[in-house]
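Q: My questions are about this predicted structure, shown below with the sequence.
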Amino acid sequence: MFTFDIENLIQFSPNQIICGDYNAHHINWGCVSTNHRGATLMNFVNSAGLEILAPSTPTRFGTNSASTIDLAIVREFLYPYDIISLPELSSDHNPILLIFYFKFSIPSINGKTKTNWNKFRNHINLAENLNNLVINSPNDLNLLVEKFETQIIDAKIAASNPVPNSQTYIDPRIRELNNERNFVRKMFQRLRNPALKTKLNQLNKRIASTNLTIK
């Protein structure tokens with residue numbers, strides 16, 4: 001199966017970007033349906049701890065169809081990025097522009113965090129009461145969810161301290177934001193909701209901003 005080749009490639013180095021036309025259709029990256037190769041690729045990346053980067057618009061255009069089959073595969077990639085399908089050639093495949101933002105570094109700290117949950121609860125109790133906010137539109141709901149998520153993340157940061165050990169790890173604030181970003185990106189690829197794209201861009205900026213704060 002074609003995933004064997006990908007598996008062999010990722011054995012050479014943990015830090016790889018594997019790009020190409022996978023001819024794999026899956027609704028998770030914007031196709032209207034899922035074929036066998038798409039299901040196989042999705043199962044493989046989930047089991048191998050990989051991530052698929054796909055543009056928000058189709059990469060191949062047939063006579064009566066359009067699909068997203070030109071993809072990039074990465075592992076534990078925490079940097080902000082943009083991936084864009086460019087309608088600039090006469091070919092049925094668009095060129096793909098993949099931009100990585102390496103202007104900040106991901107910090108590596110010896111240790112892990114331990115959370116004081118009493119302090120966490122106190123921090124939440126002192127935060128703004130969101131029960132009184134009125135929701136009149138989807139945008140109001142998105143803002144409420146964002147505030148709630150921010151309160152939880154801020155409380156976790158305030159109530160956590162590093163515990164020294166011999167392992168190198170990624171700062172938990174960056175890891176939490178990255179996990180949230182990955183979830184939002186997958187939801188956007190599935191639903192194509194512009195509000196999710198806005199949320200994704202906000203998370204990319206927060207990752208960059210948090211990294212600068214840590215430094």
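A: Received, thanks.

Q: List the buried residues in stretch 39-52.
A: For stretch 39-52, burial by neighbour count (16 or more other CB atoms under 10 Å) applies to Thr40, Leu41, Met42, Phe44, Val45, Leu50, Glu51, Ile52. The C-beta positions use only the backbone N, C-alpha and C, and glycine is treated the same way.

Q: Name the nearest of the residues you listed relative to Asn179.
A: Closest approach between the buried residues of stretch 39-52 and Asn179, by CB to CB: Glu51, at 11.2 Å.

Q: what separates Asn182 from Gly49, distance-wise?
A: For Asn182, the distance to Gly49 (CB to CB, to the nearest Å) stands at 12 Å.

Q: Same question for His26.
A: In this view, His26 and Gly49 are 18 Å apart by CB to CB.

Q: again with Leu143
A: Remark: distance between Leu143 and Gly49 (CB to CB) = 33 Å.

Q: Pull the number of nearby residues for Asn178.
A: With neighbours defined by other CB atoms under 10 Å, the count for Asn178 comes to 20.

Q: any idea of the pLDDT on Leu196?
A: Per-residue pLDDT puts Leu196 at 84.

Q: Could you list which residues are in contact with it?
A: Val184, Met187, Phe188 (CB atoms under 8 Å, 6 or more residues apart in numbering).

Q: same deal with Asn142?
A: Contact analysis of Asn142 by CB under 8 Å, 6+ apart lists Ala195, Thr198, Lys199.

Q: out of those residues, who has the most neighbours?
A: When neighbours are taken as other CB under 10 Å, the top entry among the contacts of Asn142 is Lys199 (21 neighbours).

Q: Can you verify it is assigned to a helix?
A: Yes. Under DSSP: H, G, I helix; E, B strand; the rest coil, Lys199 sits within a helix.
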